[in-house]
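[1] sequence plus the predicted model coming up.
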Amino acid sequence: MNLIFATNNQHKIEEIKGLSRNTIRVSGLLEEGFSGEIPEDFPTIEQNASQKSWYIFNLFGKNCFSDDTGLEVEALNGDPGVYSARFSRIGDIQYPQLDITNGNITKLLYLMKNENNRKANFKTVISLILAGVEYQFEGIIPGQISMEKSGISGFGYDPVFIPNGWDCSFAEMSLEIKNKISHRAIAMNRLLAFLREDDYGSTYFIENIK
């Protein structure tokens, strides 16, 4: 099966291709000749994932999937959440915009500097569209926000997120290890299990995506 992954983020594409080999063929938007922006202006991760996949399905008429991911920090009442990618550009505190990722992390660590509660989780929702029908798959991994950045791998908030049970950040892990435990891996593995079922795994989908 061929699926378009509705993103131009090469880091995400590498992660998904690593997870999906031998099951599906994944192509990014650049491979499809699309380099434009995809709208994602809803207030929830679920709605944004849906919006992106429908946008690409309606554009190409091909089976596709998209993901939307947020870092939810308990001490910040779930923020940055759906605004994770543009966290440094909202609110009253201004940061130098030399690099949006560094800006996001800078703002997060600033807001957390006096917090003892470092609990957080990464949440990914994947929206899959097959023949005009949408299915959603969720992956959540709990962890802690570190006091400072560590590691050079990964992207986004990876340098400051330490998953529970580990003593290193996502950015200190190899892609192989991260692909076994990450929020995106959990959601994608649920999608792949769904596709392996002869009837598209309706039982698996209903039982595991609540």
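    Done, it's in. Numbers count the residues shown, from 1 in each chain.
[2] which residues does I4 bridge with?
    In this structure, I4 has the following beta-bridge partners (DSSP bridges): S27, C64.
[3] tell me the spacing between the nearest residue to I56 once chain neighbours are set aside and P39.
    Spatial nearest neighbour of I56, excluding adjacent residues (CB to CB, 6 or more residues apart in numbering): A6 at 4.2 Å. Just so you know, the C-beta spots here come from the backbone N, C-alpha and C atoms, and that holds for glycine as well. When CB to CB, to the nearest Å is applied, the distance between A6 and P39 equals 11 Å.
[4] can you list residues touching both of these two?
    Common contact partners of A6 and P39 (CB atoms under 8 Å, 6 or more residues apart in numbering): 52, 55.
[5] higher neighbour count, those two?
    Legend: neighbour count by other CB atoms under 10 Å for A6 and P39, higher for A6 (27 against 9).
[6] quick one, phi/psi of the more buried one?
    Per-residue torsions, A6: phi -80, psi 70 (degrees, to the nearest 10).
[7] check N116 too.
    N116 adopts backbone torsions of phi -80, psi -30, taken as degrees, to the nearest 10.
[8] how close does it get to Q10?
    Summarising the geometry, the distance separating N116 from Q10, computed by CB to CB, is 37 Å.
[9] where do the strands sit along the chain?
    Using DSSP state E, the strands assigned to the chain run over residues 2-5, 25-27, 64-73, 80-81, 119-130, 133-145, 161-163.
[10] quick one: terminal-to-terminal distance for stretch 15-35?
    20 Å (CA to CA, to the nearest Å).
[11] for it, buried residues please.
    Along stretch 15-35, these residues count as buried under the neighbour rule (16 or more other CB atoms under 10 Å): 15-16, 19-20, 23-24, 26, 28-29, 32.
[12] contacts only, for C168.
    C168 neighbours (CB under 8 Å, 6+ apart): 150-151, 162.
[13] and those residues, which of them are buried?
    Among those, those buried by neighbour count (16+ other CB under 10 Å) are 151, 162.
[14] how much space between the nearest residue to L130 once chain neighbours are set aside and G28?
    For L130, the nearest residue in space outside its immediate sequence neighbours is N63; the separation is 5.2 Å by CB to CB, 6+ apart. Computed with CB to CB, the distance linking N63 and G28 is 15 Å.
[15] same question, G70
    As judged by CB to CB, G70 and G28 stand 21 Å apart.
[16] shouldn't S53 be in contact with I129?
    Yes - applying CB atoms under 8 Å as the test, S53 and I129 come out as touching, 5.0 Å apart.
[17] now for these two: what residues contact both?
    By CB under 8 Å, 6+ apart, S53 and I129 have these common neighbours: 64-65.
[18] and the residue most central in space within the chain, how far is that from V82?
    Closest to where the C-alpha atoms of the chain average out (CA atoms, centre = their mean) is T69, at 3.3 Å. For T69, the distance to V82 under the criterion CB to CB works out to 9 Å.
[19] do the same with N117
    Here the criterion is CB to CB. By it, N117 lies 21 Å from V82.
[20] the two: which is more packed in?
    It is V82, of N117 and V82, that has more neighbours when counted by other CB under 10 Å, with 21 against 12.
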